[in-house]
Structures are given as structure tokens and as C-alpha cells.
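Engineer: What follows is a protein structure lacking sequence information:
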């Protein structure tokens with residue numbers, strides 16, 4: 001527990017930047033027109049694929065005794081996979097709307 005508190009104390013500026021980035025990202029995403037959602041979803045799927053590969057590489061090079069790195073890597077892989085699958089499902093549904101009905 002003291003390691004986590006020391007990490008927070010030494011990296012407080014980075015934590016503030018991450019919080020600010022989250023708020024900016026939410027505001028940017030809220031103001032995107034609905035027409036752009038399908039291309040942006042496809043781009044997000046590609047980025048999530050990169051996150052999955054990066055998390056797997058981090059887990060491969062992590063020390064087996066470093067449970068924090070392993071658990072964060074596992075969490076990144078799981079959340080990335082959920083994001084990719086959900087993104088493809090939403091993209092597929094949106095593209096179905098543009099097909100002609102029989």
C-alpha cells in the first residue's frame with residue numbers, strides 16, 4: 001500500500017494530466033455528429049487492437065513476481081477485447097441500416 005501512495009505522490013502531475021485528458025475526451029466525443037460515428041468506431045477498433053497487442057507484450061516482458069503489472073496487463077487485454085467486440089457489433093448494426101430492404 002505504501003508503494004502505491006509513494007507512486008501517487010511522485011507522479012501527481014501525471015495523474016492531474018490524465019484526469020484532464022479524460023474530461024477533454026468526454027467533451028470532444030459528446031460533440032461529434034452522428035454521421036461520423038461509424039468511421040470513428042472503426043478507428044477505435046483498430047486502436048483497441050493495438051492496445052491488446054501492447055498489453056500482451058507488456059505482460060510477456062513483466063517480471064512474474066510483479067502482480068501489479070500482470071493484473072493491469074490482463075485488465076487491458078480484457079477491456080480491449082470487450083471494446084473491439086462491442087465496436088464491431090455496433091459498426092455492423094449501423095452498416096445494416098444502410099442496406100436496402102428486401
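Structural biologist: The structure has been received and is ready for your questions. Treat the numbers as computed from the prediction; the structure is a model and nothing was measured.
Engineer: packing partners for the lowest-mean-pLDDT helix or strand in the chain?
Structural biologist: Lowest by mean pLDDT, DSSP states H and E among the helices and strands of the chain is helix 37-61, with a mean of 80. Here helix 37-61 touches helix 67-97, going by 3 or more CB pairs under 8 Å, 6 or more residues apart in numbering; DSSP states H and E. Every C-beta, even on glycine, is put in place using the N, C-alpha and C of the backbone.
Engineer: orientation of the helix it packs on relative to helix 37-61 in degrees?
Structural biologist: 160 degrees (axes from the mean of the first three to the mean of the last three CA atoms, to 10 degrees).
Engineer: contacting residues around residue 69?
Structural biologist: 58, 59, 62, 63 (CB atoms under 8 Å, 6 or more residues apart in numbering).
Engineer: Of the residues you listed, which count as buried by neighbour count?
Structural biologist: 59, 62 (16 or more other CB atoms under 10 Å).
Engineer: Reformat the contacts of residue 69 as CSV; add distance to residue 33.
Structural biologist: Shown next, in CSV, are the contacts of residue 69 (distance: CB to CB, whole Å):
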residue, distance to residue 33
58, 36
59, 38
62, 41
63, 46
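Engineer: quick one on the thing from earlier: what are the contacting residues of the least confident helix or strand of the chain?
Structural biologist: So helix 37-61 is contacted by 32, 69-70, 73-74, 76-77, 80-81, 83-84, 87-88, 90-91, 94-95 (CB under 8 Å, 6+ apart).
Engineer: Emit the ChimeraX select command for whichever of the residues you listed are buried.
Structural biologist: Entered in ChimeraX, the line below selects the buried ones among those, by 16+ other CB under 10 Å:
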select :73,76,77,80,83,84,87,91
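Engineer: Now find how far off-centre the least confident helix or strand of the chain is within its chain.
Structural biologist: 7 Å (CA atoms, centre = their mean, to the nearest Å).
Engineer: sec struct for residue 101, please.
Structural biologist: coil (DSSP: H, G, I helix; E, B strand; the rest coil).
Engineer: backbone phi and psi for residue 66, please?
Structural biologist: Backbone torsions of residue 66, given as degrees, to the nearest 10, read phi -90, psi 90.
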